[in-house]
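K.L.:
Pasting a predicted model and its sequence here:
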Amino acid sequence: MEVVDRIKDTIGSDPVVLFMKGTPDFPQCGFSAQAVAALRACGTEFSAVNIFEDPELREALKSFSNWPTYPQLYVGGELVGGCDIIVEMYHSGELAKLLEQGDAA
Amino acid sequence: MNEARVQSIRDRLQVAFAPEYLEVEDESHLHEGHAGAASGLGHFRVTIVSSSFQEMGRMQRHRAVYAALGSMMETDIHALSVRALTADEI
């Protein structure tokens, strides 16, 4: 499968997807760890993709999403943002709200 | 080396957004020994207040900051934390 199709497949099949450095239990970057913590604090199920295990996807997703950094959070197939936005939305309560909607979708 | 990078980040953001407030911190020292630090690229934290952000959502603001930094995102910056606000959001 082409890498772009793999991206679309991933963000299309799971309602909440975090593309991150490392895994939720062993994040390899503080920003990815923070994003995982925010998602866990909301109590939502999410799937995680370790971009270190897929260098081709790591590069392709940056241009696909027009977002140059990781982590990247997708809800309902749409990019929500990176670590700063995730944390900001967590504190304002918007993240929990969005994730509830994502789960329902 | 990171002093020059901070200055260069400041210059690019200054030109792009004419900010009312701009702070660029070098946080590279917090990440020594971490895998990303080995690349020699820096970790920076930007706080920027500008009326340019008024009509923009969060993602647009971040994208605008990334776009203003252009090639530096590849050549100088490993990680960038961004707070982009308008004056009435402070």
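P.N.:
Cool, got the structure.

K.L.:
which bits of chain A sit near chain B?
P.N.:
Proximity of chain A to chain B is assessed by Cβ under 8 Å from any Cβ of the partner chain, with A:28-31, A:66-69, A:79-85, A:88-89 identified as the residues in range. Glycine gets a C-beta too; all of them are placed from N, C-alpha and C.

K.L.:
please redo it, this time with the cut-off set to 10 Å
P.N.:
For chain A, the contact set with chain B under Cβ under 10 Å from any Cβ of the partner chain comprises A:21-22, A:28-31, A:52, A:62, A:65-70, A:78-85, A:87-89, A:94.

K.L.:
mind listing what residue 53 touches?
P.N.:
Since no chain was named, I'll use chain A. Counting by Cβ atoms under 10 Å, 6 or more residues apart in numbering or on different chains, residue A:53 touches A:22-23.

K.L.:
Wait, chain B was what I had in mind.
P.N.:
Contacts for residue B:53 (Cβ under 10 Å, 6+ apart) come out as B:17, B:19, B:60-61, B:64-65, B:84-87, B:89.

K.L.:
just checking: which of these also lie near chain A?
P.N.:
Okay, of the contacts of residue B:53 touching chain A (Cβ under 10 Å from any Cβ), that's B:61, B:84.

K.L.:
from the contacts of residue B:53, which ones fall inside strands?
P.N.:
Under the assignment DSSP state E, the contacts of residue B:53 contribute B:84-85 to strands.

K.L.:
hmm, which of the contacts of residue B:53 are the buried ones?
P.N.:
The neighbour-count test (16 or more other Cβ atoms under 10 Å in any protein chain shown) applied to those identifies B:17, B:19, B:61, B:64-65, B:84-86 as buried.

K.L.:
that older thread, now the contacts of residue B:53 in a markdown table, please, with extra columns for pLDDT.
P.N.:
Converted to a markdown table, the contacts of residue B:53 look like this (pLDDT from 0 to 100):
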| residue | pLDDT |
| --- | --- |
| B:17 | 97 |
| B:19 | 98 |
| B:60 | 96 |
| B:61 | 97 |
| B:64 | 97 |
| B:65 | 97 |
| B:84 | 97 |
| B:85 | 97 |
| B:86 | 97 |
| B:87 | 95 |
| B:89 | 92 |
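
K.L.:
circling back to that earlier point, sort out for me which of the residues of chain A next to chain B are in strands.
P.N.:
Among the residues of chain A next to chain B, the residues falling in strands (DSSP E) are A:78-81.

K.L.:
which of these lies closest to chain B?
P.N.:
Proximity of these to chain B, judged by Cβ to the nearest Cβ, is greatest for residue A:81, which lies at 5.4 Å.

K.L.:
need the contacts of residue B:53 in CSV with distance to residue B:10, can you?
P.N.:
Below are those laid out as CSV (distance: Cβ to Cβ, whole Å):
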residue, distance to residue B:10
B:17, 11
B:19, 10
B:60, 21
B:61, 17
B:64, 16
B:65, 12
B:84, 15
B:85, 17
B:86, 19
B:87, 19
B:89, 21
